[in-house]
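Asker: the following comprises the amino acid sequence and a computationally predicted model.
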Amino acid sequence: MGCSEWCKQEFKPCNFGFGKHLRPELTVTSQWPSLPPVIYLAWRWFAFAYHLAWLIVTVAAATIYTAGRATWFAYLTNWTYFLLTVDVLIEALASLVWYFRARNPNVDVVPETTTWYMKLSWFMYSITTTVVVLVGLTYWYDNHHCLCFFLAAGADDFYIDVQTHGITLVYVVLNLALTGVPVRIYHLIYPFAFAVLYTVFTVIYYYAGGVSKNGKRYVYKGVLDWADPNTSLTWISILAFVGIPVIHVLLVYGLHLVRVTIHNKCFGDDCMADNKVRQAEMTTLSDENTKSYCIA
């Protein structure tokens with residue numbers, strides 16, 4: 001596919017949404033035909049159980065370390081980890097539904113368009129993947145010089161920090177390599193909306209008298225402190241207008257392209273034959289409906 005054809009496919013208006021797609025089943029299955037569906041399903045449910053357990057640990061630890069102050073929900077890391085856990089649950093449920101649907105002889109295996117649970121799973125994945133990478137890389141960039149100190153001192157929250165900023169990064173990259181969920185450049189608007197939502201929350205939290213886990217009036221010292229709105233807005237703008245596009249387009253979308261390219265090299269003949277059958281089926285639709293499909 002040439003550059004002009006790629007642009008034509010990628011920047012279709014329908015790629016803002018999660019509706020019609022040539023291969024809807026990719027939103028709930030693995031990219032790799034050689035991976036047994038039951039293994040992929042087991043991966044989904046294992047990931048949910050693992051992240052749910054750690055979510056419970058982080059909430060319990062925050063309650064203990066802050067002497068009962070309800071500050072856990074004030075932090076972007078915890079917002080992100082909660083979102084990741086919900087996302088993994090939705091992906092696990094969607095994969096489970098698809099697993100049994102694919103084995104039901106009375107139901108068409110491949111729907112003409114994405115179902116509601118496929119759309120929901122794809123939507124959550126689009127937000128979570130970019131946001132987790134952004135939060136994780138930002139954290140380690142800001143705290144890499146403290147790593148040896150944390151290890152030596154045995155900080156109480158060291159293992160939680162490694163889990164919520166490190167293991168999550170590993171999980172997201174591994175999941176990005178295994179899953180068949182498409183990544184769209186236009187979908188960067190959804191993690192951006194998440195960032196706006198969190199920013200609005202911190203403003204309300206600040207003026208409602210909210211404090212950090214240390215009892216201070218800021219959430220992130222020198223970065224997100226509405227006593228100094230100019231500094232807060234500067235950092236928020238950098239992360240939202242620079243960080244999110246760079247992470248989403250260069251890293252997340254880039255890794256998606258690498259995955260698809262490797263898949264097409266390894267399974268190209270089967271993939272192309274499958275696409276030709278699907279395109280032939282689509283020609284039976286009206287021209288208007290056919291043009292609305294996002295084939296890329």
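Answerer: Right, received. Where do you want to start?

Asker: in which helix or strand does Ala261 reside?
Answerer: Rather than Ala, residue 261 is Thr. Assigned by DSSP states H and E, Thr261 belongs to helix 254-282.

Asker: let me see the mean pLDDT of that helix.
Answerer: Mean pLDDT, taken over the full extent of helix 254-282, equals 67.

Asker: and the closest residue to Phe73 other than its chain neighbours, how many neighbours does it have?
Answerer: Closest residue to Phe73 apart from its sequence neighbours, by CB to CB, 6 or more residues apart in numbering: Trp79 at 7.2 Å. To be clear about C-beta, it is placed using only N, CA and C from the backbone, and glycine gets the same treatment. Neighbour count of Trp79, defined by other CB atoms under 10 Å: 18.

Asker: tell me, what's the model's pLDDT at Trp79?
Answerer: pLDDT, read off for Trp79, is 95.

Asker: quick check: which element contains Tyr205?
Answerer: Tyr205 belongs to helix 189-207, assigned by DSSP H and E.

Asker: average pLDDT for that helix?
Answerer: Averaging pLDDT along helix 189-207 yields 94.

Asker: pull the helix or strand with minimum mean pLDDT from this structure.
Answerer: The weakest-scoring helix or strand in the chain, judged by mean pLDDT, DSSP states H and E, is helix 287-291 (a mean of 43).

Asker: quick one: the helices in the stretch 51-200 of the chain, in order.
Answerer: In the stretch 51-200 of the chain, the helices defined using DSSP state H, counting those that start in this stretch lie at 76-101, 116-143, 147-153, 158-162, 168-178, 189-207.

Asker: closest to Leu26 out of these?
Answerer: Proximity to Leu26, assessed across these by CB to CB, is greatest for helix 116-143 (9.1 Å).

Asker: how far does that closest one sit from the chain's center?
Answerer: Here helix 116-143 is found 3 Å from its chain centre; the criterion is CA atoms, centre = their mean, to the nearest Å.

Asker: report the buried residues of it.
Answerer: For helix 116-143, a neighbour-count test (16 or more other CB atoms under 10 Å) marks 117-139 as buried.

Asker: cool, and stretch 223-230?
Answerer: 223-226.

Asker: please apply the same query to stretch 163-181.
Answerer: In terms of neighbour count (16+ other CB under 10 Å), stretch 163-181 has its buried residues at 163-165, 168-169, 171-173, 175-176, 178-181.

Asker: what sits up against that stretch?
Answerer: Residues outside stretch 163-181 that contact it (CB atoms under 8 Å, 6 or more residues apart in numbering): 23, 25-27, 29-32, 35, 40, 43, 47, 51, 54, 57-58, 77-78, 80-81, 84, 91, 121-122, 125, 128-129, 132-133, 135-137, 139-140, 252, 255-256, 259.
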